[in-house]
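**Student:** quick check, what structure comes out for this input:
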Amino acid sequence: MNILYVFVSLIIGFFIGRSTKKSFGLQSKDELEEAHSASRKALAERTENRKEEIIEMMKNSRERYEELKACNLVEERKGIHRGDVEDLLEVSTQTALKYLNELEEEGKIKQIGNSGKDVYYMLSI
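**Tutor:** Model (predicted):
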């Protein structure tokens, strides 16, 4: 009886696979180029949105720092660290560094410090 179920399942799976083959088959060169272009555009848009989130976080961080400093409630901490970006965007260290480096190349932020945990970033604007 179990062999019959296995055999019937294999036959049904075979026919389902044959019917969906066309939807997962090879696409034309134009379709592939169009899909590739759309994915590059979406990735670039996501990158820009994330960089804007970083800039916004830096602006908010600076405002909060100034408010707390005025009330003598905070030690001096300037800028944001790479880990702050990782937490904000829920990305890896390499991705956070990529965004920070791009923003620095665009002249929107500047890196203070050379390496290690003493490195932080401030708005250039």
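
**Student:** give me the buried stretch members for stretch 113-125, please.
**Tutor:** Applying a neighbour-count criterion of 16 or more other Cβ atoms under 10 Å, the buried positions in stretch 113-125 are Y120, Y121. Yep, even glycine has a C-beta here, placed from its N, CA and C like the rest.

**Student:** show me what that stretch is in contact with.
**Tutor:** If you take Cβ atoms under 8 Å, 6 or more residues apart in numbering as the criterion, stretch 113-125 is touched by 55, 58-59, 62, 78-82, 100, 103-104, 107-112.

**Student:** just the buried residues of those residues.
**Tutor:** For those, a neighbour count by 16+ other Cβ under 10 Å gives the buried set as M58, G79, I80, H81, R82, L100, L103, K108, I109.

**Student:** pull out the buried positions in stretch 86-102.
**Tutor:** Quick answer for stretch 86-102 (16+ other Cβ under 10 Å): E86, L88, L89, A96, K98, Y99, L100, E102.

**Student:** er, stretch 48-66 I mean
**Tutor:** Judged by neighbour count using 16+ other Cβ under 10 Å, the buried positions of stretch 48-66 are R50, K51, I54, M57, M58, S61.

**Student:** closest to V8 out of those residues?
**Tutor:** Taking Cβ to Cβ as the measure, R50 is the one of the buried residues of stretch 48-66 closest to V8, at 49.9 Å.

**Student:** for that closest one, list the residues it contacts.
**Tutor:** By Cβ under 8 Å, 6+ apart, the contact set of R50 is L89, V91, Y99.

**Student:** so what pLDDT did it get?
**Tutor:** Per-residue confidence for R50 comes out at a pLDDT of 92.

**Student:** list the buried residues in the helix or strand hosting I16.
**Tutor:** Taking DSSP states H and E as the criterion, the element that holds I16 is helix 2-20. For helix 2-20, a neighbour-count test (16+ other Cβ under 10 Å) marks nothing as buried.

**Student:** the strands in the protein, which residues?
**Tutor:** Across the chain, reading from the start of the chain, the strands by DSSP state E fall at 109-112, 120-123.

**Student:** dump the ones you listed into a markdown table; add distance to E45 as well.
**Tutor:** Compiled in a markdown table, the strands of the chain are given as follows (distance: least, Cβ to Cβ, whole Å):
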| stretch | distance to E45 |
| --- | --- |
| strand 109-112 | 20 |
| strand 120-123 | 23 |
